[in-house]
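Trainee: From the sequence below, what's the structure:
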Amino acid sequence: MKAKNKRQFDYTRLQIKILFALIGVIASSIFALVLMYFFHWNSIGGRWITQIAADFLQVGFFVVQNIYPPFFILLVLLICAGLFFIIRAFLRYVTKPLSDVEQSLGMLLIDNSEEIRLPEELTAITQRLNAMKQTLERRKLEVQSAEQRKNELVVYLAHDIRTPLTSVIGYLSLLEEVENMPLEQRKKYTHIALDKSYRLEKMINEFFEITRYNLQQIQIEKMDIDLYYMLVQLTDELLPILSSHGNTTVLHADEELMIYGDSEKLGRVFTNVLKNAAAYSFPNTEIHIIAQKIEDTVTITFQNTGDTIPPEKCATIFEKFYRLDEARTSDTGGAGLGLAIAKEIIILHGGSITVESHEHLTSFVITLPLNHTGS
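Mentor: Residues are numbered from 1 along each chain as shown. Presented below is the predicted three-dimensional model:
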């Protein structure tokens, strides 16, 4: 009831404004009628109307002449009263759609699937409001999904951090408690503690990576890049990781191949994709890197042999916080940001990144514009 009164109060000022405008028009009309009465209808026009009324009523001319002025005034008053009620009804009719629209705006914030309905004359507004409602509901679901996945990731990383931390504390405690521990055993425990510490450092860095990814927009600064040299340098830098799995890389690229982009950001993309290929390749297999010019684009393909990725996972592999193999994340997986960030960087370059997987062969295909139009 209060909401209804509030809506009526909200439009009272509008109604008063329109009312005063119409009253001004009516007052001007009445003033014109009064002038016409005194300067025309009270003389020639008045005698003419009086004679017609006397003939119609079959009474004397002077009898009708005596009742003409008050009759005219009464007629004007009746017209004014009629106009007042007509204007009142007109104002209610004009402002009713506004009330309907206001009520519909409130429905945008209501969490339900009910469509907004307005009179037929407001079809365009109805369609726009329903589109806005659907957009708001979709964005709300996206935010809830992202928040849920982020919370799951935090729990997941917290569990991963606790595991190496427990190992580090356990082995360091043994080293402290057992004073006469054999040198080989002490060396072994020290190595395990150091290895787990590196793992712990990596997980902590991933927490910072999540924060940076969410709080800042990636900025790119483009320049001409020697793609062949970048890929050679990349394989050299990742040699320890590749060697630990027994993997090797085979580069297929023209030594003169150039691209235009942000060398640091693209280097990060290629590193993430190659590390992902190494993590999920079968041991002692080759990873092929194929870079070639196709018309006005350059494609860089990272191809590895490993477990086939199901189609439904190929469709979500570039989502933020997604990790392909939940069972292997403690040893091989990261925070699930690498491929998501890689996709964003490639899109900012005006390119695309896709994945195909069949018969144990997985290919990540990156397409970049050859010229400077992507800048």
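
Trainee: can you give me the helices in the stretch 1-150 of the chain?
Mentor: Along the stretch 1-150 of the chain, counting by DSSP state H, counting those that start in this stretch, helices occupy 2-10, 12-36, 44-57, 61-107, 123-177.

Trainee: Look up how far residue 291 lies from residue 252.
Mentor: As judged by Cβ to Cβ, to the nearest Å, residue 252 and residue 291 stand 7 Å apart. C-beta: built from backbone N, CA, C; applies to glycine.

Trainee: For these two, indicate the residue with more neighbours.
Mentor: Counted by other Cβ atoms under 10 Å, residue 252 and residue 291 do not tie: residue 291 has more neighbours, with 22 against 12.

Trainee: Looks like that one contacts residue 297 (just checking).
Mentor: No. Residue 291 sits out of contact with residue 297 when judged by Cβ atoms under 8 Å, with a separation of 11.4 Å.

Trainee: any weak-confidence spans in the stretch 251-375 of the chain?
Mentor: Counting by pLDDT under 70, the ranges of the stretch 251-375 of the chain that qualify are 320-337, 371-375.

Trainee: Okay, buried residues for the helix or strand residue 340 falls within please.
Mentor: Using DSSP states H and E, residue 340 sits within helix 338-348. For helix 338-348, burial by neighbour count (16 or more other Cβ atoms under 10 Å) applies to 338, 339, 340, 341, 342, 343, 344, 345, 346, 348.

Trainee: Could you tell me how many residues sit around the closest residue to residue 223 other than its chain neighbours?
Mentor: Residue nearest to residue 223 in three dimensions, not counting chain neighbours: residue 263, with 6.6 Å by Cβ to Cβ, 6 or more residues apart in numbering. The tally of other residues near residue 263 (other Cβ under 10 Å) stands at 16.

Trainee: The one 5 residues further on now?
Mentor: For residue 268, the number of neighbouring residues by other Cβ under 10 Å comes to 16.

Trainee: Secondary structure of residue 316: a strand, I assume?
Mentor: No. The assignment for residue 316 (DSSP: H, G, I helix; E, B strand; the rest coil) gives coil, which keeps it out of a strand.

Trainee: any idea how far it lies from residue 343?
Mentor: Counting by Cβ to Cβ - residue 316 and residue 343 are separated by 12 Å.

Trainee: and residue 219, how many neighbours does it have?
Mentor: Using other Cβ under 10 Å, residue 219 has 8 neighbouring residues.

Trainee: Confirm that it sits in a helix.
Mentor: No. Using three-state DSSP, the secondary structure at residue 219 is coil, not a helix.

Trainee: Quick one, grab the pLDDT at it.
Mentor: On pLDDT, residue 219 comes in at 74.

Trainee: swap in residue 70?
Mentor: Listed pLDDT for residue 70 reads 67.

Trainee: before we move on, back to that, got TSV for the buried residues of helix 338-348, with distance to residue 23 too?
Mentor: Putting those into TSV (distance: Cβ to Cβ, whole Å) gives the following:
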residue	distance to residue 23
338	72
339	70
340	65
341	67
342	69
343	65
344	62
345	66
346	67
348	62
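
Trainee: ok, so of those, who is nearest residue 200?
Mentor: Relative to residue 200, the closest of the buried residues of helix 338-348 is residue 338; by Cβ to Cβ it sits at 18.9 Å.

Trainee: With adjacent residues omitted, what lies nearest to the closest one?
Mentor: Spatially, and ignoring its direct neighbours in sequence, residue 338 is nearest to residue 272 (3.8 Å; Cβ to Cβ, 6+ apart).

Trainee: try residue 171
Mentor: Nearest residue to residue 171 in three dimensions, chain neighbours excluded: residue 193, at 4.2 Å (Cβ to Cβ, 6+ apart).

Trainee: Packing partners of the host helix or strand of that neighbour?
Mentor: Element membership for residue 193 (DSSP H and E) is helix 183-215. Helices and strands touching helix 183-215, by 3 or more Cβ pairs under 8 Å, 6 or more residues apart in numbering; DSSP states H and E, are helix 123-177.

Trainee: Centre of the chain to the helix holding residue 193, how far?
Mentor: Counting by Cα atoms, centre = their mean, to the nearest Å, helix 183-215 is centred 36 Å from the centre of its parent chain.

Trainee: which residues touch the helix or strand just after it?
Mentor: Note on helix 183-215: by DSSP H and E, the next helix or strand toward the C-terminus is strand 223-226. Residues from elsewhere that reach strand 223-226, judged by Cβ atoms under 8 Å, 6 or more residues apart in numbering: 257, 258, 259, 260, 261, 262, 263, 266.

Trainee: how many neighbours does residue 305 have?
Mentor: Residues contacting residue 305 under the criterion other Cβ under 10 Å number 18.

Trainee: Pull the number of nearby residues for residue 187.
Mentor: For residue 187, the count of nearby residues is 11 (other Cβ under 10 Å).

Trainee: I figured residue 267 was touching residue 231, is that so?
Mentor: No. Using Cβ under 8 Å, residue 267 is not in contact with residue 231, being 9.7 Å away.

Trainee: of those two, who's got more company?
Mentor: residue 231 (23 against 17).

Trainee: And the helix or strand encompassing that one, what's buried?
Mentor: Assigned by DSSP H and E, residue 231 belongs to helix 227-237. Buried residues in helix 227-237, counted by 16+ other Cβ under 10 Å: 227, 228, 230, 231, 232, 234, 235.

Trainee: what helices or strands is the next helix or strand after that helix leaning on?
Mentor: For helix 227-237, the following helix or strand on the C-terminal side (DSSP H and E) is helix 239-244. The contact analysis (3+ Cβ pairs under 8 Å, 6+ apart) places helix 239-244 against helix 263-279.

Trainee: which strands and helices sit next to the helix it packs on?
Mentor: strand 223-226, helix 227-237, helix 239-244, strand 286-294, strand 297-305, helix 338-348, strand 361-369.

Trainee: got the angle for that helix vs helix 227-237?
Mentor: Per axes from the mean of the first three to the mean of the last three Cα atoms, to 10 degrees, the angle that helix 263-279 makes with helix 227-237 is 50 degrees.
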